[in-house]
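# Fold the following, please.
(3 chains)
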Amino acid sequence: MNKDDHLFLIDGSGYIFRAYHALPPLTRKADGLPVGAVSGFCNMLWKLLSEARDTSVGVTPTHLAVIFDHSSKTFRNELYPEYKANRDAPPEDLIPQFGLIREATRAFNLPCIEMAGFEADDLIATYARLAEAAGAHTTIVSSDKDLMQLVTDRVTMYDTMKDRQIAAPDVVEKWGVPPDKMIDMQSLTGDSTDNIPGVPGIGPKTAAQLLEAYGDLDTLLERAGEIKQNKRRENLIEFADQARLSRELVTLKTDVPVADTPADFHLDAQDGPKLIAFLKAMGFNTLTRRVAEATETDAAEIEPAEVAVEWGADARGPDLDRGDGPDTKPASQEQKESGWTPGDLARARADAAANAKIDSAAYLCIRDSGALAQFIAAARETGVVAFDTETTSLDAMQAELVGFSLAYQPQDAVSNASGPVQACYVPLAHKSGQDDLLGGGLAEGQMPIDDALAQLKDLLEDPSILKIAQNLKYDWLVMSRYGIEVHGYDDTMLISYALDAGRGGQGMDALSDRWLGHKPIAYKEVAGSGKSAVTFDFVEIDRAVAYAAEDADITLRLWQVLKPRLAAEGLASVYERLERPMVPVLGRMERRGISVDRQILSRLSGDFAQGAAALEDEIYELAGEKFNIGSPKQLGEILFGKMGLPGGSKTKTGQWSTSAQVLEDLAAEGHDLPRRIVDWRQLTKLKSTYTDALPGFINPETARVHTSYALAATTTGRLSSSDPNLQNIPVRTAEGRKIRTAFVCEPGNKLVSADYSQIELRVLAHVADIDALKQAFADGMDIHAMTASEMFGVPVKDMPAEVRRRAKAINFGIIYGISAFGLANQLGIERSEAGEYIKTYFQRFPGIKDYMDSTKAFAREHGYVETIFGRRAHYPDITTSNPHMRAFNERAAINAPIQGSAADIIRRAMVRMDTALDEAGLAARMLLQVHDELIFEVPEDEVDRTIRVVTGIMENSAMPAVAMKVPLKVDARAADNWDEAH
DNA sequence: TAGAAAACGTA
DNA sequence: GTACGTTTTCTAG
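A predicted model of the protein is given here:
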């Protein structure tokens, strides 16, 4: 080798794990063989090799090898038996891919290197140093920090997923130390995933600072006594040997007795037929086509290779192929023409998206009317356009439009080939310079906002042009305040939620990373963060273009990937009936807001403050000193230290718990202080969270409070509410309920609250098909009393309250995936007794046990569970070997179909409600949703009719999709405030 | 100044 | 035992 040679060393094992987690699951169509990581690997290799052929690209390999871990036992285990001891077994759908990726490497005609007793990292280190000695340059294809110690001026790393080089300055930027200090750094910080101990209490920041100050690990350990911080000094002294051991573990071996030299890895021409045979066997159609083109091979002539598959114990692919449910739509024109199934299309799109380059240099900045018209006209040709707004606030009810971006992908009319995505940003209200004396006038080069809005209105309100947005509800609200109502739309966040709830976030950054392997420009990179943050109108237009147009670009690409999956995976109707129509429904609710009486809150705030102050005096008196009552730490010291009260449970950080439960128990034993603390906490909670905070949410323009509902935040399908959260307004205590009296209606109106009675137990009776429960609901019985009667043999008539209470707790426990531990906790009884209750319950209602067991089994098998409407909630961790975590996932999986079906039922009611009220000629307006309750503002003289319409819609909302085996019952009341209406 | 932990409000 | 969001305190920076 010589100095012009360039060796690429690919960390094959590292790549497998990263690709498995980062890339969408993918299975071979023929048999469901999981091949997501293999696909990513092949695409990555092909890209690298294509660049090698194209000498115009800067860094091109002349030599290349793929390095793998051989087995889990290495020389490090002899040094330290605990090394990597806490690793879980790889996921079962990854197991067959280990062998396949080695096969892939050979199909690419590349050396596939591994050696017993050494990790891939050690082999990489050895070859890199050999090449360096020969004067050549090396690129290590990996982003693993364990390899960063190898970086020099002739050795760099390359992160293929982020398309980024990692050289010495990048290491410094990321870790605060140069590559040659990475070993010392890792010796100090340790590594929990590899079980490398390090020194407790020292993280990367501290380690970098210490190494900066002392130079290297040995000096630092020698002079540890000089360190000022007590804990830090003690730890460095006590754990010095542990740090030295860690250093041995993290130091890569550069003298592994390897059989080959880097020169043996010379890159030869591709064997087109051999590679194509493998790719065909895997079913990678897109890549097959590309390779065929590049190698001038006729792919049709080549038979798929025979590839041996080691499936592992019980390997099973994810469910990309379950496209045969009743929800599946007929294949679209596009699919029919090409003879593709929806699954094929989904896979091809995922493939293409993961490999596409995102070119921010090509984004347009549109500054005049003609250019905008031209762009929109071109977008209209395609029928699909991504849309995103930039504004001055995260609060859609206060946000002012600053600009918007659009993106579309042109199709060639003749060849039907797709061109590159075209994206633009249209600045409208950017300010010039800082917010100076002039108040920051409009920046130059922006088109008149009225003109832009007029053009935008035509586009957004045209239902024949599909608008794609990420979290459309926000943009819908902003645009609605400018008199524009979006029609004809898809929301990538909601599509992703229907497909992948529970598999990770549905935010744009997460989706972009997951599907495009691309990290978009962070908002704070353009607008700053913390104190130096500015609103978007103060962002320079040029920087705004790169950020904003990229969002539209990415949104469009995400839609291309995600939309076909809906049909392929049988989730189109979930999206179309339960997700998409919620956007305008919630948009209107949020925009209406609810009236909150400032005076009432202010008076309550005063009352709470007085009550709390009185309690404070008593608390200090009883404690014998002043302290911060709000600090659980200080409170714990007073109660369990100074006063010597018996401590109950501990928190997970080892502190004594001072939870209400613990304090109640102490109070029951006759201690005065804990009682006062509980009361004080209640008052201060009510004051700070509600009476003090709510007035700040009264919108200055509308004088109402506008919560924000998140549609894609929960795993089960429930909504969540924030800013402010109006789904947790107190109701359980008399004091707390007073806050509800501040939620009022306009004069001449009433608030109507309509809530489903026992909806989750009714859903349980339906899904588990329990005759006794179904009968009890059909007869309108008191379900908890009935349960108690069945379990304890007590007649319902004159039943003691305590007996009913226990049955009620058990009923709830069932919904929550019951455990003896949890039930014992709830009822304050022994675990054994709780266990007996559960046994009795299961004996009396055997169908429940069957339901719970079959739900668990289904979840384990498929990785998700379903509601009665087909919504899926994913629990990928349900197969973990950690018993605690697994049990938690099992309980969640048992609960999700129940909670989720109830959530679907109320969603269906909400989607129909506005139309139903309109058709009945009623002016009532839906304001709030609280999981099983809807709150309306209703003209006084329409209250009775409204209640009839509302309860009718709610009670029948499962129809016609599902005929419930149990009637749904809704209670509704009207009053002047929420407390009395509820 | 940002993030984790503890506590607590709802269904 | 399920599902959330907000507040305060505390820690590390």
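# where does the stretch 201-350 of chain A have low pLDDT?
Scanning the stretch 201-350 of chain A with the threshold set as pLDDT under 70 gives A:311-340.
# If we use 50, what do you get?
Within the stretch 201-350 of chain A, the segments meeting pLDDT under 50 span A:312-338.
# What residues does it have near DNA strand C?
With CB under 7 Å from any atom of the strand as the criterion, the stretch 201-350 of chain A comes near DNA strand C at residues A:201, A:203, A:205-206, A:231. C-beta here means a position set from N, CA and C on the backbone, and glycine is covered the same way.
# can you pull the pLDDT of the closest residue to residue A:418 other than its chain neighbours?
Using CB to CB, 6 or more residues apart in numbering and skipping residues adjacent in sequence, the residue nearest residue A:418 is residue A:409, 5.5 Å away. For residue A:409, the pLDDT comes out at 95.
# mind listing what residue A:409 touches?
A:382, A:384, A:418-422, A:556, A:560 (CB atoms under 8 Å, 6 or more residues apart in numbering).
# And for residue A:933?
By CB under 8 Å, 6+ apart, the contact set of residue A:933 is A:753-756, A:982.
# Identify each buried residue in the biggest helix by length in chain A, please.
As assigned by DSSP state H, the longest helix anywhere in chain A is helix A:883-919. Going by neighbour count (16 or more other CB atoms under 10 Å), the buried part of helix A:883-919 is A:886, A:888-914, A:917.
# List, out of those, those positioned next to DNA strand C.
Checking the buried residues of helix A:883-919 against DNA strand C (CB under 7 Å from any atom of the strand), the matches are A:888, A:891-892, A:895-896, A:899.
# Could you single out the nearest of the residues you listed to residue A:657?
Comparing those against residue A:657 with CB to CB places residue A:888 closest, at 19.5 Å.
# and the residue in the stretch 451-600 of chain A that DNA strand B sits nearest to, how far is that from DNA strand C?
Residue of the stretch 451-600 of chain A nearest DNA strand B, by CB to the nearest atom of the strand: residue A:530 (3.2 Å). Distance of residue A:530 to DNA strand C, given as CB to the nearest atom of the strand, to the nearest Å: 10 Å.
# State the three-state secondary structure for residue A:620.
Secondary structure, DSSP: H, G, I helix; E, B strand; the rest coil: residue A:620 is helix.
# With adjacent residues omitted, what lies nearest to it?
Nearest to residue A:620 is residue A:626, by CB to CB, 6+ apart, at 5.0 Å.
# Assign a three-state SS to the one you found, would you?
Here residue A:626 is recorded as coil under three-state DSSP.
# Go ahead and confirm it touches residue A:617.
No - checked against CB atoms under 8 Å, the pair residue A:626 and residue A:617 is beyond contact range at 10.1 Å.
# and chain A, which of its residues are near DNA strand B?
Within chain A, the positions near DNA strand B by CB under 7 Å from any atom of the strand are A:529-531, A:632, A:651-653, A:655, A:657-661, A:663, A:678, A:681-682, A:685-686, A:689, A:725, A:727-733, A:736, A:930-933.
# Lowest mean pLDDT among the helices and strands, pick that one out for chain A.
Least confident helix or strand, chain A: helix A:333-338 with a mean of 39, by mean pLDDT, DSSP states H and E.
# State the number of residues packed around the closest residue to residue A:908 other than its chain neighbours.
Distance criterion CB to CB, 6+ apart; nearest residue to residue A:908, sequence neighbours excluded, is residue A:957 at 4.2 Å. Residue A:957 has 23 neighbouring residues, counting by other CB atoms under 10 Å.
# Using the three-state scheme, assign residue A:957.
Counting by three-state DSSP, the backbone at residue A:957 sits in coil.
# Pretty sure it sits against residue A:906.
Yes - contact criterion CB under 8 Å: residue A:957 and residue A:906 qualify, at 7.3 Å.
# Could you list the low-confidence segments of the stretch 801-950 of chain A?
Residues of the stretch 801-950 of chain A that meet the cut-off, pLDDT under 50, do not exist.
# just the helices in the stretch 451-600 of chain A please.
With helices called from DSSP state H, counting those that start in this stretch, the stretch 451-600 of chain A shows them at A:472-481, A:492-500, A:508-511, A:523-527, A:541-568, A:572-573, A:582-592, A:598-623.
# Contacts only, for residue A:656.
Neighbouring residues of residue A:656 by CB under 8 Å, 6+ apart: A:636, A:639-640, A:647-648, A:650.
# Please indicate which of those are buried?
A:636, A:639-640, A:647-648.
# out of the residues you listed, who's nearest DNA strand C?
Closest approach between these and DNA strand C, by CB to the nearest atom of the strand: residue A:636, at 9.5 Å.
# so how far is DNA strand C from the closest residue to the closest one other than its chain neighbours?
Spatially, and ignoring its direct neighbours in sequence, residue A:636 is nearest to residue A:656 (4.2 Å; CB to CB, 6+ apart). According to CB to the nearest atom of the strand, residue A:656 and DNA strand C sit 13 Å apart.
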